[in-house]
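Trainee: The sequence and its predicted three-dimensional model are supplied below.
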Amino acid sequence: MSCHHRLDKSFENALVLPLGGSHRYILFSDCHRGDGTHNDNFLKNQYLYLAALRHYYKKGYTYIELGDGDELWENRNMEQIKEVHSDIFRELSVFYREKRLYMIYGNHDIVKKYHSFSRKKCASYFCTTSQRHQPLFPDIQFHSGIILRNNQTGESLYLTHGHQSSLLNSTLWPVNRFLVRYLWKPLEQVGVLDPTSAAKNYTKKRKSELKLNAWAEDRNHVLITGHTHRPMLSDDADSHYINTGSCVHPLCVTCIEICCGRLTLAKWYTDTRENGNLYVDREELSFHNFPK
């Protein structure tokens, strides 16, 4: 099965959400929320992400996660992830209760596509503030792809994780999960990076992006993914491929905002005031208007 065919399958019977008008969406990908140990790459940026979540909630955005939200290749215990990051899950649960949250699965959390897993592991979480279990995402469905469509103009945005560009990360994901869990995770602790990862291997990153862009151009769709962790939003009106980046950059988290006919690549980072106080700031890296 080719990359094109895998992407086509991801959008068969896809959920379609309205685009345009007053609709606002915030797209995050590749949070890789972990178990709080030194392998938890999300840990260093959790407060940047939390500040961004609260900002977008107050502004009325609908949250869409494009996969790899939780690191379930390196970690087996979803309960520990939820407990360590209970403040994050508390904020996400509020989005969900207000029907302002949608989730796409990636390769590192691909088990979420099984309803038995999501029903058991994602229905509730242990809130460390109240010291009891609270509802999280009861009855949630994790999608392979979501389409945002403006019924008036016919313009659409196609959202998926992007792991479909790799046979090893899609069809053969159990093999790659085994390698990550038992080979590359221990080696990462001594500084050896996973050569099979599109996020850590430049050659694989570039190949993945070329395949995703080729599908978008061939199908004449605007495709938004994560997976490679490289943020990408060109001001070129003919650009078909966009990437949210990730929440595990060394000093920031990146995301795509969709609001008022405009796509914005935003960065959240920590800065200091003249008095030495730290604060979280937002910067617009690039944008273009939509429809094209």
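Mentor: Done, it's in.

Trainee: Low-confidence bits of the stretch 151-292 of the chain, can you list those?
Mentor: 184, 187, 189-199, 237-238, 291-292 (pLDDT under 70).

Trainee: which stretches of it form helices?
Mentor: Listed in chain order, the helices of the stretch 151-292 of the chain (DSSP state H, counting those that start in this stretch) span 173-179, 185-188, 202-219.

Trainee: Out of these, which is the most enclosed?
Mentor: helix 202-219 (a mean of 17; mean count of other CB atoms under 10 Å). The C-beta positions use only the backbone N, C-alpha and C, and glycine is treated the same way.

Trainee: so how far is that helix off the chain centroid?
Mentor: 18 Å (CA atoms, centre = their mean, to the nearest Å).

Trainee: All further residue positions should be reported with the first residue as 33.
Mentor: OK, 33 is where the count begins now, so the last one is helix 234-251.

Trainee: rewinding a little: could the helices of the stretch 183-324 of the chain go into CSV alongside distance to Arg56?
Mentor: Listed next are the helices of the stretch 183-324 of the chain as CSV, based on distance: least, CB to CB, whole Å:
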stretch, distance to Arg56
helix 205-211, 33
helix 217-220, 37
helix 234-251, 23
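
Trainee: Looking at those, which is nearest to Gln112?
Mentor: helix 217-220 (15.2 Å; CB to CB).

Trainee: Nearest to Gln163 among the helices of the stretch 183-324 of the chain would be which one?
Mentor: Between these, helix 217-220 lies closest to Gln163; by CB to CB that is 31.2 Å.

Trainee: where does the stretch 33-182 of the chain dip in pLDDT?
Mentor: Looking at the stretch 33-182 of the chain by pLDDT under 70, you get an empty list.

Trainee: What segments of it are helices?
Mentor: 35-42, 78-90, 110-116, 118-129, 147-153.

Trainee: List the buried residues in the longest one.
Mentor: By that I understand helix 78-90. Residues of helix 78-90 classed as buried: 78, 80-85, 88-89 (neighbour count, 16 or more other CB atoms under 10 Å).

Trainee: swap in the first one?
Mentor: Buried positions in helix 35-42, judged by neighbour count with 16+ other CB under 10 Å: 35, 38-39, 42.

Trainee: From the contact counts, what lies against that helix?
Mentor: helix 234-251 (3 or more CB pairs under 8 Å, 6 or more residues apart in numbering; DSSP states H and E).

Trainee: Touching the helix it packs on from outside, list them.
Mentor: 35-36, 39-40, 190, 194, 197-198, 227-231, 253-255, 257, 259-262, 264, 272-273, 275 (CB atoms under 8 Å, 6 or more residues apart in numbering).

Trainee: mind redoing it with 6 Å?
Mentor: 35-36, 39, 194, 197, 230, 255, 257, 260, 272-273 (CB atoms under 6 Å, 6 or more residues apart in numbering).

Trainee: quick one, it and helix 35-42 angle?
Mentor: 70 degrees (axes from the mean of the first three to the mean of the last three CA atoms, to 10 degrees).

Trainee: Spatially nearest residue to Glu115 (excluding sequence neighbours)?
Mentor: Leaving aside its chain neighbours, Glu115 sits nearest to Phe158 (5.1 Å; criterion: CB to CB, 6 or more residues apart in numbering).

Trainee: okay, now that neighbour: neighbour count?
Mentor: By the measure other CB atoms under 10 Å, the count of residues near Phe158 is 16.

Trainee: isn't it right up against Ile113?
Mentor: No - look at Phe158 against Ile113 with CB atoms under 6 Å: they stay out of range, at 11.0 Å.

Trainee: Narrow the contacts of helix 234-251 to just the buried residues.
Mentor: Burial by neighbour count, 16+ other CB under 10 Å: within the contacts of helix 234-251 this picks out 35, 39, 194, 197, 230, 255, 257, 260, 272-273.
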